[in-house]
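Enquirer: Quick one: sequence plus predicted model below, questions after.
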Amino acid sequence: MADDRRIHNGSEEQYGTFLRRRRLGRQLTQREFGAKVGVDFTYLSKVENGRLPPPSEATITQIAKVLGDNPEEHLAQARKVPLDLRAAVAEMPVEAAMLLRELRAKPVSQEAYTQMLKTLRDARTTGRRRVGRRSRP
């Protein structure tokens, strides 16, 4: 499934492969994991083997919680857009919406996405430091 490729640490990876790696890292069988998530283990098997697409946002969030992972990482790996993203974008400056539209219209290399993400994270870190500083009278 070419449209089901995922990016992980600079390499493309299907969500099912990512999920299997995370589950095995926690030493859980599919049966144990399915019971904790609240889904049938055969469903998880099909997702892990790429025979089914990634689950819904709610199921992915539960999967991440069971694994002790950040749900945002799982949603990103599954290429799911969180339901609250549209509302969040509406609250941002117009440039944020323009950036998303630009990315949709003109895809760039994986390296460019990685650099943009790093720049954004650096800007947030710098912004937090500035917000916390007080000027002396």
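Expert: Yes, it's here.

Enquirer: quick one: average confidence on stretch 74-82?
Expert: In this model, stretch 74-82 has a mean pLDDT of 90.

Enquirer: Going forward, count from 27.
Expert: All set: I'll call the first residue 27, so the last point we hit is now stretch 100-108.

Enquirer: How far does it stretch from one end to the other?
Expert: Stretch 100-108 has an end-to-end distance of 11 Å (criterion: C-alpha to C-alpha, to the nearest Å).

Enquirer: List the buried residues of it.
Expert: Applying a neighbour-count criterion of 16 or more other C-beta atoms under 10 Å, one finds 100-104, 106 buried in stretch 100-108. No exception for glycine: its C-beta is placed from N, CA and C like everyone else's.

Enquirer: and which of those is nearest residue 79?
Expert: Closest approach between the buried residues of stretch 100-108 and residue 79, by C-beta to C-beta: residue 104, at 8.4 Å.

Enquirer: Average pLDDT for stretch 55-74, rounded please.
Expert: Averaging pLDDT along stretch 55-74 yields 98.

Enquirer: Which residues outside that stretch are in contact with it?
Expert: 41-43, 45-46, 49, 52, 54, 78-81, 85, 88-89, 92 (C-beta atoms under 8 Å, 6 or more residues apart in numbering).

Enquirer: hmm, 7 Å instead?
Expert: Residues outside stretch 55-74 that contact it (C-beta atoms under 7 Å, 6 or more residues apart in numbering) are 42, 45-46, 49, 78, 80-81, 85, 88-89, 92.
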